[in-house]
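Undergrad: based on what follows, work out the 3D shape:
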Amino acid sequence: MARRASRNSSSTGPLTKRSTQPALPVGPIETDSGSVELVPDRDDPRALTVMINGVPSSFIDLDDPRNVGFEYMDIMCAVLDHTRTGPLDVVHLGAAGCAMARSIDATRPGSRQIGIDIDARLIELARTWFDLPRSPRLRLRAGDARAQLATLPAASADVVIRDVFAGDTTPAHLLTVEFVGDVLRVLRPGGIYLINCADRPPLDGARSEVATLRTALQAALDSVPDSGAGPATDARGEIGVVSEPALLKSRRYGNLVLVLVAPSRPEAGAPEPGDGVLGSAALGRALRTLAVPAQLLHTDPETTKFAGQARVLRDVVQST
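TA: Residues are numbered from 1 along each chain as shown. Below is the predicted model of the structure:
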């Protein structure tokens, strides 16, 4: 589902200090949804791949929480580094080993995070093995991602990250317009929704997800209250698609990062945003200079072309 990459982060912030290191298990451990196994890196025994039901799901560097290990997580970190400043309120849908949560806690002191995972036993083990930040820095909840998201207050998060898989696919109820609408409800204006989308040529799943994001974003823009100067045409949102060029050209299986920037209005007197949050030159450079260089599609023509005629995903309405 994801491949190792070394992150050379430019982020600043203290490293998480470890307490006494518990003994880590050898071999698979039973969890509520199957099994988890910690596989040490061949070159560094203090670095581990968390295998859930045989699938690589997190990379944990016990000595450096900034090292998230996987290419798609490097991309997510780069997007956050160049779109948001200071501490963040973050919701992680799919906690696994909490690699992203550890990184954000280390690089952005004062952040408050919620990690949600369907597997209560896995959460308990990760808390024990990896000396995760304690509440309120990181609260962990067991349950279905969509059901737990629905309990969160409106406009309570700066970032929502979806990294949920059953095997190598994301559950269908986490892909729909209605689900994205609830993500936008939870995000503050200008907040960031980051999606780990695994797909294979011809990227039908990723194209449908982008078409779905576009539909959900337009619905959110249409519902923005009138600012008093006519229709709410000054509200803006953005969509991005990020991955290595070969994957964007449908040449192999891999992970794309989809980005949705929640609608917001520019502050009074602010200049026009030009290429928007995702079009900054700094972000483009950061993505191109990752260990595995990545390409960003972010303009409306680019995301329209990528989505093509893909089907918009909606909740299935049960007939009575």
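Undergrad: and residue 194, what does it touch?
TA: Contacts of residue 194 were listed using Cβ atoms under 8 Å, 6 or more residues apart in numbering, and they are 76, 79-80, 159-162, 257-259. To be clear about C-beta, it is placed using only N, CA and C from the backbone, and glycine gets the same treatment.
Undergrad: I'd assumed residue 210 was in a strand, is it?
TA: No - judged by DSSP: H, G, I helix; E, B strand; the rest coil, residue 210 forms no part of a strand; its state is helix.
Undergrad: need the per-residue pLDDT for it.
TA: Predicted confidence (pLDDT) for residue 210: 98.
Undergrad: just give me the neighbour total for it.
TA: 27 (other Cβ atoms under 10 Å).
Undergrad: and what of residue 150?
TA: 12.
Undergrad: can you tell me the SS state at the closest residue to it other than its chain neighbours?
TA: Leaving aside its sequence neighbours, residue 150 sits nearest to residue 182 (Cβ to Cβ, 6 or more residues apart in numbering; 6.1 Å). Classification of residue 182 using three-state DSSP returns helix.
Undergrad: can you check the pLDDT for residue 182?
TA: 98.
Undergrad: where exactly do the strands run in the stretch 101-250 of the chain?
TA: 112-117, 138-142, 157-162, 187-199, 236-243 (DSSP state E, counting those that start in this stretch).
Undergrad: out of these, flag the one nearest residue 289.
TA: strand 236-243 (13.6 Å; Cβ to Cβ).
Undergrad: for that closest one, buried residues please.
TA: If you call a residue buried by 16 or more other Cβ atoms under 10 Å, then strand 236-243 has these buried ones: 236-243.
Undergrad: of these, closest to residue 51?
TA: Once Cβ to Cβ is applied, the member of the buried residues of strand 236-243 that ends up nearest residue 51 is residue 243, at 23.0 Å.
Undergrad: separation between the closest one and residue 177?
TA: According to Cβ to Cβ, to the nearest Å, residue 243 and residue 177 sit 23 Å apart.
Undergrad: with residue 256 instead?
TA: Taking Cβ to Cβ, one finds residue 256 at 19 Å from residue 177.
Undergrad: of those two, who's got more company?
TA: Each of residue 256 and residue 177 has its neighbours counted (other Cβ under 10 Å); residue 256 has more, 25 against 19.
Undergrad: helix or strand next in line after whatever helix or strand that one lives in, which one?
TA: Element membership for residue 256, per DSSP states H and E: strand 254-264. Following strand 254-264 in sequence order, the next helix or strand is helix 281-288 (DSSP H and E).
Undergrad: other SSEs contacting that following helix?
TA: helix 71-81, strand 295-297 (3 or more Cβ pairs under 8 Å, 6 or more residues apart in numbering; DSSP states H and E).
Undergrad: return the most buried member of those.
TA: helix 71-81 (a mean of 24; mean count of other Cβ atoms under 10 Å).
Undergrad: now do it against helix 281-288, angle only.
TA: 170 degrees (axes from the mean of the first three to the mean of the last three Cα atoms, to 10 degrees).
Undergrad: please tell me how far the strand holding residue 256 is from the chain's geometric centre.
TA: 8 Å (Cα atoms, centre = their mean, to the nearest Å).
Undergrad: list the neighbouring strands of that strand plus their orientation.
TA: strand 187-199 (antiparallel), strand 236-243 (antiparallel) (DSSP bridges).
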